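Chemist: Structure for the following, please:
(one chain, ligands or ions: 1)
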Amino acid sequence: MQKEILLNNNITIPCIGNGPMIPEYNTNKFLKSNTPVAKLTKRAYNKFYGRHKVEANYIDAVAHSFQAGFKLLDYSSSYGDGSLIGKAIKKSHIERKDLFLTTRISNKAQREKTVRECLMEQLKGMGTDYVDLLMFHWPVTGYHLDTWQQMIKLYKEGYCRALGVANCHQHHLEEIFKTSDIIPAINQIEIHPLFTQKALIAYCQEHNIQVEAYTAIARMDDRLVRLPLLKEIARKYNKTIVQIVLRWHIQNGVIPVVRSLNKGRQIENISIFDFVLTDQEMAAIDSVNINSRLRYDPDNCDFSIL
Ligand SMILES: NC(=O)c1ccc[n+]([C@@H]2O[C@H](COP(=O)([O-])OP(=O)(O)OC[C@H]3O[C@@H](n4cnc5c(N)ncnc54)[C@H](OP(=O)(O)O)[C@@H]3O)[C@@H](O)[C@H]2O)c1
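Modeler: Numbering: from 1, shown residues only. As a prediction, the model looks like this:
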């Protein structure tokens, strides 16, 4: 049975989430680049897969994730307008109130739109009149504090049940504390055993900010999935390495957001509530840390390409 976690504004959130990034999304930037190679690839891609087929498979996979037990959905306006998510919700026959829908204001939207415009597009696409959690995607220098103020207005108007941030270091959070009387309910950051971020997690926990982990299974990085330690623990509990890592997050008080569009792997990823890692096993997995960030550092990245 999965747990619910109480947020600092007294609403609850499921303790694990699915982040169904659209498969095309990763290649989108390349395809949009309009180089001769990109044009050729796009033509081949469309011919081979067919956009509608990719979308139908996507809707089916997201609907299945809800049915498999993932109530928390992690989305962002940078992944699309949410209309495929809306179709997946309908297909799943799960009631809106039984889901916890999250979306984020993308970096592009922070620069080019109002938060209201961006959120309204998402709500329309998802076929709902509120999200459970609204976050900004990155603390885009020169924009995120204004984005946060705009998010507060929408929260007060009831368009979202909680407000959060993503990719914030301690100094970003301190900036928000100085300029706002609302403390983010969530900080979504990269965490996995190769990059444990213990100090930032502790800081968030001290300030009553719930931490969510993205890239929670390190995108199946070889340095993680080949570890004899994880193989041994997995064997002991008759679980997979991914299940051990997801369980480690939960016992650390962190909400893992994991991506899978594969039905079998979705069931695998949610089946982690029938065993408990010992303190020694938790400490051993903690010690795998090599401070290896796989995604971007918010203090050292080009926000315009994220
Ligand atoms: N806030 C941010 O800036 C930010 C940044 C990155 C990601 N995110 C969020 O976090 C989500 C997940 O992060 P991520 O996509 O970086 O990486 P991830 O969840 O660590 O890894 C996803 C990869 O692992 C595979 N996988 C999932 N479960 C598996 C299992 N049980 N066994 C074997 N392979 C498995 C998936 O393939 P299959 O689909 O084939 O199973 C996929 O290729 C994203 O979708 C997004 O919602 C947020």
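
Chemist: tell me the phi and psi of the residue of the chain found nearest the ligand?
Modeler: Taking C-beta to the nearest ligand atom as the measure, the point where the chain comes nearest the ligand is residue 19, at 2.1 Å. Where C-beta positions appear, they are placed from N, C-alpha and C, glycine not excepted. Dihedral angles of residue 19 (phi, psi; degrees, to the nearest 10) stand at phi -120, psi 90.

Chemist: Residue 74 is in contact with that one, correct?
Modeler: Yes: using C-beta atoms under 8 Å, residue 19 is in contact with residue 74, at 3.9 Å.

Chemist: Common neighbours of the two, please.
Modeler: 214, 257 (C-beta atoms under 8 Å, 6 or more residues apart in numbering).

Chemist: Other residues contacting stretch 225-244?
Modeler: 193, 217, 220, 224, 245, 247, 258, 265, 268-269, 271-272, 275, 277, 281, 284-285, 288.

Chemist: The top helix by length along the chain near the ligand at all?
Modeler: For the chain, the helix with the greatest residue count under DSSP state H is helix 51-68. No: with C-beta under 6 Å from any ligand atom as the criterion, the ligand is not reached by helix 51-68; the gap is at least 8.0 Å.

Chemist: who are the neighbours of that helix, in terms of helices and strands?
Modeler: strand 72-74, helix 83-92, helix 263-270 (3 or more C-beta pairs under 8 Å, 6 or more residues apart in numbering; DSSP states H and E).

Chemist: List the buried residues in it.
Modeler: Residues of helix 51-68 classed as buried: 54, 55, 58, 59, 60, 61, 62, 63, 64, 65, 66, 68 (neighbour count, 16 or more other C-beta atoms under 10 Å).

Chemist: swap in stretch 114-122?
Modeler: Quick answer for stretch 114-122 (16+ other C-beta under 10 Å): 114, 115, 118, 119, 121, 122.

Chemist: residue boundaries of the helices in the stretch 1-150 of the chain?
Modeler: Ranges of helices in the stretch 1-150 of the chain, per DSSP state H, counting those that start in this stretch, are 25-31, 36-49, 51-68, 83-92, 107-112, 115-126, 144-156.
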